[in-house]
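Undergrad: Any chance you can model this:
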Amino acid sequence: QVQLVESGGGSVQAGGSLRLSCDASEDIERMGWFRQAPGKERERVACHLRSPSGTYYADSVKGRFSVSRDSAKNTVSVYLKMDSLKPEDTAMYYCKTSCLVADNEYDYWGQGTQVTVSS
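TA: Numbering: from 1, shown residues only. Model (predicted):
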């Protein structure tokens, strides 16, 4: 079973920055960041692919968010750097052991970290 622990959330004013971290107990090929705001559907925000190396960003965050990873022996940390934050970025942010929106029995999720952006 893969364990994921997110951290780095908080409250910031619009235009500010935050850096989220997701520490995984295994070095997973594809790691995704998702978010869900109250009353809204879950949204895929960004994804990092280990091999071949690649990234994906939702249109709503392109140019403002950046995803990266730091692999150590059998573990990985995936980061989501968020700049120029907007109130509409307010949500619970989760990392997942997949870049797919749909879930399957092999996926794991972290507990989430809250991001609140005030205007």
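Undergrad: Verify the assumption that W33 is located in a strand.
TA: Yes - residue state for W33 (DSSP: H, G, I helix; E, B strand; the rest coil) corresponds to a strand.
Undergrad: so it makes contact with Y79?
TA: No - if you go by C-beta atoms under 8 Å, W33 and Y79 don't touch, sitting 9.3 Å apart. Every C-beta, even on glycine, is put in place using the N, C-alpha and C of the backbone.
Undergrad: Quickly list what's touching both of the two.
TA: Common contacts of W33 and Y79 (C-beta atoms under 8 Å, 6 or more residues apart in numbering): L20, C22, V67.
Undergrad: Now flag whichever of those is closest to P52.
TA: Closest approach between the shared contacts of W33 and Y79 and P52, by C-beta to C-beta: V67, at 15.3 Å.
Undergrad: host element of the closest residue to the closest one other than its chain neighbours?
TA: The shortest distance from V67 to any non-neighbouring residue, by C-beta to C-beta, 6 or more residues apart in numbering, is to A46 (4.1 Å). Using DSSP states H and E, A46 sits in strand 43-49.
Undergrad: what residues does whatever helix or strand comes next after that strand touch?
TA: Counting by DSSP H and E, the next helix or strand C-terminal to strand 43-49 is strand 54-57. The contact list for strand 54-57 (C-beta under 8 Å, 6+ apart) reads R44, V45, A46, C47, H48, L49, F65, V67, C99.
Undergrad: how about the residues you listed, which pair is most distant?
TA: Largest pairwise distance in the contacts of strand 54-57, by C-beta to C-beta, is 15.8 Å, between L49 and F65.
Undergrad: quick one: which of the two has more around it?
TA: Comparing L49 with F65 by other C-beta atoms under 10 Å, the one with more neighbours is F65, at 21 against 16.
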